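1. sequence unknown, structure follows:
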């Protein structure tokens, strides 16, 4: 499979497919959601069902039920609070989060000057991943990278420095363990390294200047942030100051959930739908 | 005083002054440190003393002793490990950190497309500020903003969302307390608000899109990060992806300490010297 290097290529590949993605849109009657969904339908890769109900919890439950009945491949959030939608998704009896999975947020970024899409987790949902949750995040990230045609995804585990510090940054001890597990094949074909700062993940020059070596060689495809604070600052910075284009999905549930927010622009909603449909 | 809006204006203002800043340069015989120092000397605002010694700890102690003797206004780090230099600075008996102060890192940023310098703390030194340390950080940040000619500095307290959450993000409870103290005049003339995400600190449009109001009105001059992870990701992101120009100083000691690192470019070292000399 050819590697997908930007959002236009992603859309082109989805549009060229025979199959469409059945999407349950929860409370999506607002102009911004509707226009993104219609754009995806016109591009030929989405067949939407709009679920509107004055009782937003009933709408969310109906969308989740469609997934369980095998009638929807993706869920998209419209004008409903995230909490209400997630309550239906996470419901222990009627929800769609398989046991042992974790609800987490993956972002894809198209940055000016970069020749490829970048991916990261988690900028919006999981406050402070445990070691188990972090391994789930990595599995999801790898799955997404592979579906983008990246045969050997390179993942950087972000910390403010490359030093392991059990006292100040206990997650760095886990980072080392993850890197060792990756080298032993625990995550399939991939390269994972850390702790590394963000710059040494993405820049061979920065790596060299610091006198470090890393199997990532400054060419990470994706990064895992230590917590939501670092992730959120990254996301807000690149969208505000770097003119990045972004897409995002919730991973973990049995189907991807498109969870765009008020602040997102129409393009971002459209690309998020595309990202969610990729794994259909 | 006219507001200093970029690094060129900062250098021009320092060069126009009658007085020069006496700078103790610790182990600064490397080309990169020497060239930045010479550039500052040629611009007329620095008179350097190079302290070289095979025993780096002795060099650091000598620089600190010069400060205590009133013979140096600024210290600059050259080819010596940060730990070695800081040991001399922080020494309880012979050091230069006054009681009740905290050692923290302030960065000034010139971002393409912004009409003013931005400031932030802490991207490099203090792992996880306590409420007391956070108030010290704010005092230093305000002092720097005021020395830049900002009469009423606007500071945003960064969190991944605008919601106070004692459970997930205990620092947000302190943020609210700080904002209240600021409104009561505890920090002098200034505007402080938070928790706010980075984008709503710096963008009136983002604030409006989220349906929020803030006395900062999306026009923060400076931000305080919740911890070093978020701060470091910000710094690495803007320098790698946003072509930001930066300068940095250590605040807290009785004189500013210029603590540039291997990864910094020569401009950054030069502007950091300028930043340190501003308060002389």
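-> Everything's here; your move. Predicted model only: the values in this text are computed from it and were never measured.
2. now what about stretch A:216-224, what contacts it?
-> Contacting residues not belonging to stretch A:216-224 are listed as A:116-121, A:134, A:137-138, A:141, A:145, A:150, A:153-158, A:191, A:193-194, A:196, A:198, A:200-208 [CB atoms under 8 Å, 6 or more residues apart in numbering or on different chains]. Every C-beta, even on glycine, is put in place using the N, C-alpha and C of the backbone.
3. again with stretch A:75-90
-> Applying CB under 8 Å, 6+ apart, the contact partners of stretch A:75-90 are A:23-30, A:33, A:37, A:48, A:56-57, A:59-61, A:63-64, A:67, A:94-97, A:103, A:250, A:253, A:255-261, A:273, A:276.
4. Can you tell me which residues in the stretch 151-280 of chain A are near chain B?
-> A:158-161, A:168-169, A:197-199, A:202-203, A:206, A:209-211, A:225-234, A:236-242, A:244, A:262-263 (CB under 8 Å from any CB of the partner chain).
5. Make a ChimeraX selection of the buried ones in those.
-> Typed into ChimeraX, the line below selects the buried ones among those, using 16 or more other CB atoms under 10 Å in any protein chain shown:
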select /A:158,159,160,161,169,197,198,199,202,203,206,209,210,225,226,227,228,229,230,231,232,233,234,236,237,238,239,240,241,242,244,263
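6. Sort out for me which of the residues of the stretch 151-280 of chain A next to chain B are in helices.
-> Secondary structure assignment by DSSP state H places A:198-199, A:202, A:206, A:209, A:228-234, A:236-241 of those in helices.
7. Poorly predicted segments of the stretch 151-280 of chain A, please.
-> By pLDDT under 70, the weakly predicted segments of the stretch 151-280 of chain A are A:263.
8. all strands of it, in order?
-> Counting by DSSP state E, counting those that start in this stretch, one finds strands in the stretch 151-280 of chain A at the ranges A:154-158, A:191-196, A:222-224, A:245-251, A:257-258.
9. Tabulate these (a markdown table), appending distance to residue B:75.
-> Formatted as a markdown table, the strands of the stretch 151-280 of chain A follow (distance: least, CB to CB, whole Å):
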| stretch | distance to residue B:75 |
| --- | --- |
| strand A:154-158 | 31 |
| strand A:191-196 | 29 |
| strand A:222-224 | 35 |
| strand A:245-251 | 42 |
| strand A:257-258 | 53 |
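10. what's the longest helix in chain A?
-> Across chain A, the helix with the greatest residue count (assigned by DSSP H) is helix A:131-147.
11. okay, the angle between it and strand A:191-196?
-> Per axes from the mean of the first three to the mean of the last three CA atoms, to 10 degrees, the angle that helix A:131-147 makes with strand A:191-196 is 130 degrees.
12. What helices and strands are in contact with helix A:131-147?
-> Helix A:131-147 is packed against strand A:104-110, strand A:118-121, strand A:154-158, helix A:171-183, strand A:222-224, strand A:245-251, helix A:266-278, with contacts defined by 3 or more CB pairs under 8 Å, 6 or more residues apart in numbering or on different chains; DSSP states H and E.
13. Now with 7 Å, please.
-> Helices and strands in packing contact with helix A:131-147 are listed as strand A:104-110, strand A:118-121, helix A:171-183, strand A:222-224; criterion 3 or more CB pairs under 7 Å, 6 or more residues apart in numbering or on different chains; DSSP states H and E.
14. now it and helix A:266-278, what's the angle there?
-> Helix A:131-147 and helix A:266-278 are oriented at 90 degrees to each other (the same axes, to 10 degrees).
15. Buried residues of helix A:131-147, list them for me.
-> For helix A:131-147, using 16+ other CB under 10 Å, the buried residues are A:133-142, A:144-146.
16. who's in contact with that helix?
-> Here helix A:131-147 makes contact (CB atoms under 7 Å, 6 or more residues apart in numbering or on different chains) with A:101-102, A:104, A:106, A:119, A:121-122, A:126, A:129, A:153, A:155, A:174, A:178, A:187-188, A:190, A:221-222, A:224, A:251-252, A:278-279.
17. are any of these buried, and which?
-> Those of the contacts of helix A:131-147 that meet the buried threshold are A:101-102, A:104, A:106, A:119, A:121-122, A:126, A:129, A:153, A:155, A:174, A:178, A:187, A:190, A:221-222, A:224, A:251-252, A:278-279, by 16+ other CB under 10 Å.
18. For residue A:258, give me its contacts.
-> Residue A:258 is in contact with A:74, A:76-77, A:249, A:272-273, A:276, counting by CB under 7 Å, 6+ apart.
19. in the sheet, who's paired with it?
-> On the basis of DSSP bridges, residue A:258 is bridged to residue A:76.
20. can you tell me which residues contact residue A:239?
-> A:246, B:199.
21. make it 6 Å
-> Neighbour list for residue A:239: empty [criterion: CB atoms under 6 Å, 6 or more residues apart in numbering or on different chains].
22. Any figure for the gap between it and residue A:15?
-> Applying CB to CB, to the nearest Å, the value for residue A:239 to residue A:15 is 26 Å.
23. repeat for residue A:183
-> Computed with CB to CB, the distance linking residue A:183 and residue A:15 is 39 Å.
24. do residue A:5 as well
-> Separation of residue A:5 from residue A:15 (CB to CB): 16 Å.
25. residues contacting the residue nearest to the spatial centre of chain A?
-> The residue at the geometric middle of chain A, judged as the C-alpha nearest the mean C-alpha position with CA atoms, centre = their mean, is residue A:106 (1.6 Å). Neighbour list for residue A:106: A:121, A:144, A:249, A:251 [criterion: CB under 6 Å, 6+ apart].
26. Skipping its backbone neighbours, what lies nearest residue A:268 in space?
-> Across the structure, with CB to CB, 6 or more residues apart in numbering or on different chains as the measure, the residue nearest residue A:268 apart from its sequence neighbours is residue A:246 (5.4 Å).
27. Bridged to that neighbour, which residues?
-> On the basis of DSSP bridges, residue A:246 takes part in beta bridges with residue A:109.
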